[in-house]
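1. okay, predicted coordinates and the sequence, questions at the end:
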Amino acid sequence: MKCCDMNAGMLRTPVTFQRRTRVADGAGGATETWSTISGAAARAYYKALSGYERFLSNRVEARTSARIVVRYFSGLREGDRVLIDSEAHNITFINNLERRNRWLEIDIQGGEAS
């Protein structure tokens, strides 16, 4: 995809970006939780790429692969995740289209443990 292929009218899917954080539990330890990343994009272009099911450990596991495009913002990492319709998707690759700081093309995977 090229930078000029995108326009604001294509951003139809609401998304929320989250980052794993450690929070003190008050007893000297800490727990991990997901926090919303402030300043992150609110809408995305969504394109499903593939999906499959496999039988693993006596259960069927379904996984999906998709690509979203959002307006550029700095600070997003591959260890973060995105919520789409309350479903968590792991971010696997982030591409700053044409290195122009206008659009981020993000590959995501769903259906696996977060």
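-> Perfect, I can see it now. Quick caveat, the model's predicted, so the values are computed rather than measured.
2. helix or strand right after the lowest-mean-pLDDT helix or strand in the chain?
-> When the helices and strands of the chain are scored by mean pLDDT, DSSP states H and E, strand 43-56 comes last with a mean of 84. As assigned by DSSP states H and E, the chain's next helix or strand after strand 43-56 is strand 59-71.
3. got a list of contacts for that next one?
-> Contact with strand 59-71 is made by 1, 6, 10-11, 13, 15, 40-41, 43-55, 82, 84, 89, 97, 102-112, as judged by C-beta atoms under 8 Å, 6 or more residues apart in numbering. Yep, even glycine has a C-beta here, placed from its N, CA and C like the rest.
4. tell me where this structure has helices.
-> Shown for the chain, no helices are assigned by DSSP state H.
5. who does the residue positioned nearest the centre of it bridge with?
-> Centroid check for the chain by C-alpha atoms, centre = their mean gives Val82 as the closest residue, at 3.1 Å. Each beta-bridge partner of Val82 is listed here: Phe17, His89, as defined by DSSP bridges.
6. still on that earlier bit, what is the least confident helix or strand of the chain packed up against?
-> Helices and strands in packing contact with strand 43-56 are listed as strand 13-24, strand 59-71, strand 81-84; criterion 3 or more C-beta pairs under 8 Å, 6 or more residues apart in numbering; DSSP states H and E.
7. how about low-confidence regions in this protein?
-> 1-3, 41, 56, 112-114 (pLDDT under 70).
8. mind doing that once more with 80?
-> Of all residues in the chain, those with pLDDT under 80 make up the ranges 1-4, 39-41, 51-62, 111-114.
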